[in-house]
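Asks: I'll drop the sequence and a predicted model, then ask my questions.
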Amino acid sequence: MTLAFIDPFTSPYEGGPTPINTALEAANHTAEHGPDNGLGNYVCNVLDASADYKAWVNAMPTQKPKAIATYQTNFDKRNDADVNSAIVSYGETLSIDQILFHGGHWTGGTGSLVTSRPLSTTFNPVVAFMSALWKAKAYDAGRLDLIVLKTTTATTKAFVFNSRGKLSHEREVLLPANITLTFVNQTCLRTDLNVTKVDHSDKEIPVYVVEVEVS
């Protein structure tokens, strides 16, 4: 089945300096101002009220496949090949123009890249931003990229995590390996984000919003 298109910003988020009407505006706001708990809560509340999002969750197996459960709760012990097989077997297809977020380091330049392992994405730009800081990833990369992913074909499988438990705020959507990500645009929103790493001096890095198409 194809999962229904979901846009959490059909009604604006009013908690920022200006109303946020689109996923891209939400990414820009997060990149410029940092984690906004109000925005994160807004996205969760919209999804909780969405029949389409409930249908996404209900389309997944009642019991998480073991490989995916390990990926979510014990990431360092995951098996990427098994995770990927589970996404392909149990996931459903995203609609064209579906937008999700990923926080990390874009390495595709102005071209394209094919992913070599499953890709964790989310409806929540605040979660994506924090993910980019996890284990000093942004510190090591020398930049933080908040990546806005937009599907261009109805062929991309996705495994949707449920909205219960201690990780419910993450609103995670797991995409398989071997998808093509194509650069569209990038915008630097700030150059002075202070980041830390154990046993290293603090430093300031730039924060970019990178727009990418998924096929």
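Replies: Structure's in. What do you need?

Asks: could you use CA atoms for every contact and neighbour count after this?
Replies: OK.

Asks: quick check: buried residues in the biggest strand by length in the chain?
Replies: Longest strand of the chain, by residue count under DSSP state E: strand 180-195. Residues 180-183, 186, 189, 193, 195 are the ones in strand 180-195 that count as buried (16 or more other C-alpha atoms under 10 Å).

Asks: and that strand, what does it pack against?
Replies: When contacts are defined as 3 or more C-alpha pairs under 8 Å, 6 or more residues apart in numbering; DSSP states H and E, strand 180-195 packs onto helix 23-33, strand 112-114, strand 203-214.

Asks: and the angle from it to strand 203-214?
Replies: Per axes from the mean of the first three to the mean of the last three C-alpha atoms, to 10 degrees, the angle that strand 180-195 makes with strand 203-214 is 160 degrees.

Asks: C-alpha coordinates for strand 180-195, CSV please?
Replies: Extracted as CSV, the C-alpha positions of strand 180-195 are listed here (Å, rounded to 0.1, in the frame of the first residue of the first chain):
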residue,chain,number,x,y,z
THR,A,180,19.1,7.9,-4.2
LEU,A,181,19.4,11.3,-2.6
THR,A,182,19.8,14.2,-4.9
PHE,A,183,20.9,17.7,-3.8
VAL,A,184,18.5,20.5,-4.5
ASN,A,185,19.7,23.5,-2.4
GLN,A,186,21.4,24.4,0.8
THR,A,187,21.2,27.5,3.0
CYS,A,188,23.5,28.5,5.8
LEU,A,189,21.3,29.8,8.7
ARG,A,190,24.1,30.5,11.2
THR,A,191,27.8,30.2,11.6
ASP,A,192,28.2,30.2,15.4
LEU,A,193,26.6,27.1,16.8
ASN,A,194,28.7,26.1,19.9
VAL,A,195,29.4,22.3,19.9
